[in-house]
Structure formats: structure tokens, C-alpha cells
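S.K.: Give me coordinates for this.
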Amino acid sequence: MEAQGQSSSTGKNPLKNSSLVTNEENLHREFELALQEIFGSTRNPYMRRCQFRFVEQSPSNCAFEIKFMHPVGRSQFCALKMIFLIKNGSFDYVQFIAPHEEWTFSDYNQHQLDLDKESRYCLYRRLTMYGNLYLISAISLVPAAGPKQTIGNVIQVFIRLAAIFSTPCKVCKKILKDFMPPIVFTDIIRDPRSIVHESCR
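M.R.: All right, here's what the predicted structure looks like:
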């Protein structure tokens with residue numbers, strides 16, 4: 001999947017009028033337009049807490065990075081950094097790395113992401129594992145939803161993960177245990193505070 005540069009958001013979908021474009025490419029284009037509309041809007045409820053950028057794009061696939069920011073006084077720091085892989089207009093995979101780590105590419109020009117290269121830190125490797133379970137839950141909220149609603153559901157669920165560094169475990173009432181915050185949500189959809197350590201389950 002090679003990067004094609006970030007597309008501009010317009011009111012029309014130019015792909016719908018092309019007989020040479022596949023249905024998958026149409027679906028993906030609609031997803032990208034919805035994504036740009038959400039993060040490009042001044043009314044976006046996540047704008048102050050999220051930083052968004054495309055990392056990779058092609059006609060039917062893309063990968064985009066989201067950083068969840070946490071305010072400290074007048075400044076902000078990155079609490080969580082993740083990348084979502086989109087295939088044919090649908091969420092396919094999410095991966096976490098530490099805020100100071102960089103994504104790995106398999107080519108010199110940085111056009112091909114290497115998602116086999118995981119974070120060097122156990123916390124973010126475990127977040128990747130659980131994050132993909134949470135991704136399935138978020139998508140299942142409204143299975144037949146359009147791209148804009150699906151993206152909103154996913155962001156709403158994943159922004160709750162930023163609370164792992166300040167929310168105590170429901171079982172032991174501690175934030176850190178064995179140098180790890182609680183990362184297991186027993187019901188991330190209905191109860192964002194239903195979070196426990198892996199060893200407290």
C-alpha cells in the first residue's frame with residue numbers, strides 16, 4: 001500500500017461517477033471523506049483532545065495516526081498514540097506505540113508501514129492486543145452505521161483509554177500494579193470506569 005498524499009475534502013464524491021472505480025474504492029473514498037469531515041470541523045468534539053494525520057494512503061486502503069492529548073496547565077502532552085489500518089472503508093486493525101516512539105516503515109521512502117514491528121514496551125503491546133478487541137466492540141455498536149457514525153463510535157470508545165493513567169483499578173483501587181496501569185475494561189461501551197489490571201481479573 002503506497003502513500004498517495006492526503007486527499008482534499010469536497011462536497012462530492014468524484015469516484016461515484018467513474019466506471020473504472022471498484023465498489024471497494026468507493027466505500028474507502030466515502031470513509032476518507034467522513035474522516036476528514038470529522039477532524040476538519042471546528043465543531044468536532046474531539047478536536048481539542050486529538051491530533052490526526054494520514055500516515056499512508058492508497059485508493060482502497062489507508063492508515064491514520066491519532067494522538068490523544070492531555071492538558072497540563074497551558075500546554076498539552078501526548079497520553080496515547082495509535083495507528084488505525086483501514087481496508088476498503090472499514091476498520092481493520094489498531095496498533096499502539098509509546099508517544100516518543102516512531103512508526104516503522106519497510107522502505108527507505110517511508111511509504112510502506114511495517115506493523116510487524118511492535119512497541120518495545122510491554123504496556124503498548126498489551127494495549128494493541130486489547131485495543132483490537134475494543135475495536136470490534138466499537139464497530140459492533142451499530143453494525144449497519146455509515147462511515148461517519150462508525151468513526152465517531154470508535155473514537156468515543158478509544159478516547160476512554162487515555163484514562164488508564166489516572167483511573168484506579170475497580171478491584172485493588174490502585175493505579176499502578178507491577179508497574180502497569182489497569183488496561184482491561186470489563187464493559188468499555190457502557191461503563192468507561194469498569195477498568196481493572198490484568199492480574200486483578
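S.K.: so what's Gln51 scoring on pLDDT?
M.R.: We have a pLDDT of 90 for Gln51.
S.K.: Distance-wise, check it relative to Ala34.
M.R.: Going from Gln51 to Ala34 by Cβ to Cβ, to the nearest Å gives 18 Å. Bear in mind the C-beta positions are built from the backbone N, C-alpha and C, glycine included.
S.K.: Of these two, which one has the most company?
M.R.: Each of Gln51 and Ala34 has its neighbours counted (other Cβ atoms under 10 Å); Ala34 has more, 19 against 15.
S.K.: what pLDDT, on average, does the helix or strand encompassing that one get?
M.R.: In this assignment (DSSP states H and E), Ala34 forms part of helix 23-40. Averaged over helix 23-40, pLDDT sits at 88.
S.K.: The very next helix or strand once past it: how far from the chain's middle?
M.R.: Downstream of helix 23-40, the next assigned helix or strand under DSSP H and E is strand 50-57. Offset of strand 50-57 from its chain centre (Cα atoms, centre = their mean, to the nearest Å): 10 Å.
S.K.: what helices or strands is strand 50-57 leaning on?
M.R.: Counting contacts by 3 or more Cβ pairs under 8 Å, 6 or more residues apart in numbering; DSSP states H and E, strand 50-57 is packed against helix 23-40, strand 61-72.
S.K.: of all the ones you listed, which lies closest to Ile139?
M.R.: Nearest of the helices and strands packed on strand 50-57 to Ile139, taken as Cβ to Cβ: helix 23-40 at 12.5 Å.
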